[in-house]
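Visitor: A structural model of the following input is requested.
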Amino acid sequence: MRQNIFSGAPWEDSVGYCRAVRIENRVEVSGTTSIMHGEVFMPYDHYNQTKRIYEIIFDALQKAGALPEHIVRVRIFVVDIGYWEDVARAHSEMIGNCRPAMSMIGAAGLIDPALVVEIEVTAIMS
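Guide: Next up is the predicted model:
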């Protein structure tokens, strides 16, 4: 059984992806940035973009029938790794006691220069 979860972003059709895919008890959430209504939310702000990204991810998980505590793997891409502490603080505040496996990777850039963080997650429901 496959369930595609769409966010309504205009790029889903033109690029050919969806926000998340659920297969059985596993949910994979695509790389997510802080785009809201076609605009970058809090340009160049690592902390607030990270928090907004998790809100978008949690919404996708909910649509797939999963909860934030089902997250087992997180990959965070940060344009300026010097801001890793801001990203880590926001991550910790949003993820709570879930404590998934995690990578934080310095990235050369994202699709818009004002975007400074992108996150993808894997969730497994028991």
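Visitor: Just the residues contacting the longest helix seen in the chain, thanks.
Guide: The longest helix of the chain (DSSP state H) is helix 46-63. Residues outside helix 46-63 that contact it (CB atoms under 8 Å, 6 or more residues apart in numbering): 5, 7, 19-20, 27, 29, 32-34, 36, 41-42, 67-68, 70-71, 76, 78, 80, 83, 86-87, 89-91, 93-95, 115-119, 121, 123. From N, CA and C alone the C-beta is placed, and that goes for glycine too.
Visitor: Show me what secondary structure element comes after the helix or strand bottoming out on mean pLDDT in the chain.
Guide: Ranking every helix and strand in the chain by mean pLDDT, DSSP states H and E puts helix 11 at the bottom, with a mean of 79. Using DSSP states H and E, the helix or strand that follows helix 11 in sequence is strand 20-23.
Visitor: can you count the residues close to the spatially closest residue to residue 19 that is not a sequence neighbour?
Guide: Distances taken as CB to CB, 6 or more residues apart in numbering place residue 7 nearest to residue 19, at 4.1 Å, with adjacent residues excluded. Per other CB atoms under 10 Å, the neighbour tally for residue 7 reads 16.
Visitor: what's near enough to touch residue 7?
Guide: Taking CB under 8 Å, 6+ apart, we find residue 7 in contact with 18, 19, 56, 59, 60.
Visitor: okay but the first one is in contact with residue 29, surely?
Guide: No - between residue 18 and residue 29 there is no contact, the gap being 9.7 Å when judged by CB atoms under 8 Å.
Visitor: okay, these two: which has more neighbours?
Guide: residue 29 (26 against 17).
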